[in-house]
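Asks: Structure for the following, please:
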Amino acid sequence: MKIKQLRIKLLSKLKSFNRKKIILIAALIAAISLGYLGKGLFVAALVNGMPISRLTVVKELEKQGGSQTLDNLVVKSLIFQEAKKKGVEVSQSEIDSELSRLEQIVSEQGMTLDEALSLQNQSKKDLLEQIKIQKTVEKILSDKIVVSDEEVKDYFEKNGDLYEDGTKLEDVADDIKNQLAQTKLSSAYQSWITELKAGASINYFVTF
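Replies: Numbers count the residues shown, from 1 in each chain. Have a look, this model is predicted:
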């Protein structure tokens, strides 16, 4: 009886030991994997074995453009907050349509969109966000960017030297309208953002 109990205890301890050993090995593997995969999280580069931390890179980037970057993020937040308040939404189809338009424009220049973005050090994700912001602003300020036919005609008559001989108004009316709308949008946008900032509660906790 005592031998049987001893065997049971021994088996129990052995199982417990094996379980702890397995857990220890798994933890060790996880730690090694995390250390390997997480190198880029903490170390940006090694120069002759000497590390340059990501924190150092971030601090340097903040010195160079931290103020502008933070302001861009503040503005983006204000735009989306205002859009939510006004119930303004941009559909995926609207974004896709604008993306297709840009792809066509770039294609006519003999490039792909990816190549053009690479030259500007941008990703397609960056572009899609820019399109969404642009369309959101256009919707919010739509009443301030209306262009009349009279304005289009007036522009064409005053800037006839910009077009080839024989160009008719109807041939370039859409382009002129879009150009005038963008000019109005740019002007209205600056005033609108200034008003949003003035009326918002913005607390800055860092300085650059």
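
Asks: ok, the residue nearest to the spatial centre of the chain - contacts?
Replies: The centroid of the chain falls nearest to residue 126 when counting by Cα atoms, centre = their mean (4.0 Å). Residue 126 sits next to residue 117 when contact means Cβ atoms under 8 Å, 6 or more residues apart in numbering. Heads up, the C-betas are built off the backbone N, CA and C, glycines and all.

Asks: How about the helix or strand where it lies, which residues are buried there?
Replies: Taking DSSP states H and E as the definition, residue 126 sits inside helix 124-140. Judged by neighbour count using 16 or more other Cβ atoms under 10 Å, the buried positions of helix 124-140 are 127, 131-138, 140.

Asks: Following element in sequence after it, please.
Replies: helix 149-158.

Asks: Could you give me the buried positions within that next one?
Replies: For helix 149-158, using 16+ other Cβ under 10 Å, the buried residues are 152, 155-156.

Asks: next one: stretch 102-111
Replies: So, applying 16+ other Cβ under 10 Å, buried residues of stretch 102-111: residue 106.

Asks: residues making contact with that stretch?
Replies: So stretch 102-111 is contacted by 112-113, 115-116, 127 (Cβ under 8 Å, 6+ apart).

Asks: ok, now stretch 133-141?
Replies: Against stretch 133-141 from outside (Cβ under 8 Å, 6+ apart): 76, 79-80, 82-83, 86, 88, 90, 94-95, 98, 145, 185, 188-189, 192.

Asks: now those: which count as buried?
Replies: 79, 82-83, 88, 90, 94-95, 98, 145, 185, 188-189, 192.

Asks: In helices only, show me those.
Replies: Filtering these for membership in helices, criterion DSSP state H, returns 79, 82-83, 94-95, 98, 185, 188-189, 192.

Asks: Kindly report the domain assignment for the protein.
Replies: Annotated domains of the chain cover 2-37, 88-140, 142-208 [automatic domain parsing].

Asks: want to try CSV for those domains, with distance to residue 70 and mean pLDDT as columns?
Replies: Converted to CSV, the domains of the chain look like this (distance: least, Cβ to Cβ, whole Å; pLDDT from 0 to 100):
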stretch, distance to residue 70, mean pLDDT
domain 2-37, 30, 51
domain 88-140, 16, 90
domain 142-208, 7, 87
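
Asks: with the buried residues of helix 124-140 in mind, which one is nearest to residue 68?
Replies: Proximity of the buried residues of helix 124-140 to residue 68 (Cβ to Cβ) peaks at residue 133, which lies at 15.9 Å.

Asks: residues in contact with the host helix or strand of residue 117?
Replies: Using DSSP H and E, residue 117 falls within helix 113-119. Residues from elsewhere that reach helix 113-119, judged by Cβ under 8 Å, 6+ apart: 99, 102-103, 106-107, 109, 123-124, 126-127.

Asks: Now residue 132. Nearest residue, chain neighbours left out?
Replies: residue 90 (5.3 Å; Cβ to Cβ, 6 or more residues apart in numbering).

Asks: so how far is residue 155 from the closest residue to residue 189 other than its chain neighbours?
Replies: Among residues not flanking residue 189 along the chain, residue 137 sits closest, at 6.1 Å (Cβ to Cβ, 6+ apart). The gap separating residue 137 from residue 155 is 23 Å, by Cβ to Cβ, to the nearest Å.
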